[in-house]
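In: sequence and predicted structure below; questions after.
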Amino acid sequence: MAGTANLVDAMLVLAVGFLIFVVMSWNMQSIVFSDMSQDEKNDMMEKMQSATNLEQGQELNETPNVTQSSGQGYTEMGKVYKDPSTGKLIMVEG
């Protein structure tokens, strides 16, 4: 039963994300934010755009030297994904 509750939560999050995407892509902000002043609209749009922008990080041309260790003292800083078309590794800090 807990698994189905997690699926329902995930579907709700995706549905809200798609709804925000549709509102932004169809430029329907004037309908959704009709009761706000112009300053409030501009502030809300800046917040929405800053949430969707990604920052370009440092690109490493060489793979750093890696030695075998137990992992003590290390802190997880993010996740690493591999781009299948270019073979580049992309780290997303979290």
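Out: It's in.
In: can you list the low-confidence ranges for this structure?
Out: Low-confidence regions of the chain, defined here as pLDDT under 70, cover residues 1-2, 27-34, 51-56, 58, 60, 63-72, 94.
In: just the helices in it please.
Out: With DSSP state H as the definition, the chain shows helices at residue ranges 2-25, 29-32, 38-52.
In: list the beta-bridge partners for Y81.
Out: I90 (DSSP bridges).
In: thought L89 was touching it, still the case?
Out: Yes: contact criterion C-beta atoms under 8 Å: Y81 and L89 qualify, at 7.3 Å. Backbone N, C-alpha and C define where each C-beta goes, glycine included.
In: ok, K41 - how many residues close by?
Out: Neighbour count for K41, taken as other C-beta atoms under 10 Å: 15.
In: where's it relative to K47, distance?
Out: Using C-beta to C-beta, to the nearest Å, one gets 11 Å for the distance from K41 to K47.
In: now I90
Out: According to C-beta to C-beta, I90 and K47 sit 25 Å apart.
In: give me the more crowded residue out of those two.
Out: Counted by other C-beta under 10 Å, I90 and K47 do not tie: I90 has more neighbours, with 13 against 9.
In: my read is that that one contacts K79, right?
Out: No: counting by C-beta under 8 Å, I90 stays clear of K79, with 9.1 Å between them.
In: done for today, thanks.
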